[in-house]
Every structure is written in structure tokens, then in C-alpha cells.
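Colleague: can you look at this prediction? I've put the sequence above it.
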Amino acid sequence: MKRTRLFLTVAILFALLAVGTVAAQSNWRVGDHALINWTGDGYWYPGTIVAIEGSEYYVVYDDGDREWVGSDRIRQDDLLVGTPVSANWLGGGIYYPGVIAERTGNAIVIHYDDGDVEATTIAAVRVR
């Protein structure tokens, strides 16, 4: 009897966790700006959800790249002042470490670790 009750309790807990996970994943909407993990490179880039089909989201990254991703590769845009990032210095394709020093909408100021400062947009950054 105790084993049956324990089994049912564990099964109910797993079911509740699964429902919570599905609900959290379905909170993304077309037009949401987020950070998205680009195909397996380990970095998160800013982008916008432009379409949803089932559990897949079509995203357009701020730099123009596009792809379908699962919700496990989307997270809230939490890039605030003080957030460490790598930024594409002067749009030259090389990323350097720094910190967001100012943010107004998509406009940001990066203070690079080497002392350089750049006014740019959120599209120029990536995070681990």
C-alpha cells in the first residue's frame, strides 16, 4: 500500500512538472524579442520570434540570420547594464569581451575589457 501511494505521488509530481514545463514553453509569442541559442555554437544572440508551428519557433536574429528552434533554445532578453557580453567591435566580425554600460531600447554602450568604448546596438552582442 505504501509503495503504491509513493508511486502515485511521484507520478503526480512528474505530471505537474510536465504541465508546468509545457505552460512555460508556450508563453513565447510572435513578436517577442529574446535571446536565442544559435545552432550549437554555445552563444545566445538577440532575435525576434516571427512564426510558431507547434513547438517550433522561427526566429530572425538581429543580425539577419534565421532558423527554426525549440523553446529550449530561447530565453528572456535579460541584457541589462552590467551584463558581461562579447561584442562585435565596429562590426568587423571579431568579438571582444566587455560589459554593457548603458542601454536604451536596442541602443547600447559597451565598455570593453581593454578600455575601448563603443556605442552600438544589441544586435552586436552575444553571451555564453
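Modeller: Thanks, I have the structure now. Numbering: from 1, shown residues only.
Colleague: low-confidence ranges, the protein, go.
Modeller: Within the chain, the segments meeting pLDDT under 70 span 1-26.
Colleague: which non-adjacent residue is nearest the residue nearest the centre of the chain?
Modeller: Relative to the mean C-alpha position of the chain, the nearest C-alpha, by CA atoms, centre = their mean, is the one of Leu35, at 2.3 Å. Here the nearest residue to Leu35 in space, its sequence neighbours aside, is Trp44; by CB to CB, 6 or more residues apart in numbering that works out to 4.1 Å. In short, each C-beta sits where N, CA and C put it, glycine included.
Colleague: quick one: contacts for the residue nearest to the centre of the chain?
Modeller: Trp44, Tyr45, Pro46, Gly47, Ile74, Arg75, Gln76, Asp77, Asp78, Leu79, Val127 (CB atoms under 8 Å, 6 or more residues apart in numbering).
Colleague: show me what contacts the residue nearest to Leu35?
Modeller: Leu35, Ile36, Asn37, Trp38, Arg75, Arg126, Val127, Arg128 are the contacts of Trp44 under CB under 8 Å, 6+ apart.
Colleague: residues near the last one, how many?
Modeller: What it means is Arg128. Residues near Arg128, counting by other CB atoms under 10 Å, number 8.
Colleague: pretty sure it sits against Gly42.
Modeller: Yes. Contact between Arg128 and Gly42 holds when scored by CB atoms under 8 Å: they sit 6.4 Å apart.
Colleague: list residues touching both of those two?
Modeller: Joint contacts of Arg128 and Gly42 (CB under 8 Å, 6+ apart) do not exist.
Colleague: can you name the residues bridging to Tyr95?
Modeller: Asn88 (DSSP bridges).
Colleague: what is the burial count for it?
Modeller: Neighbour count for Tyr95, taken as other CB under 10 Å: 15.
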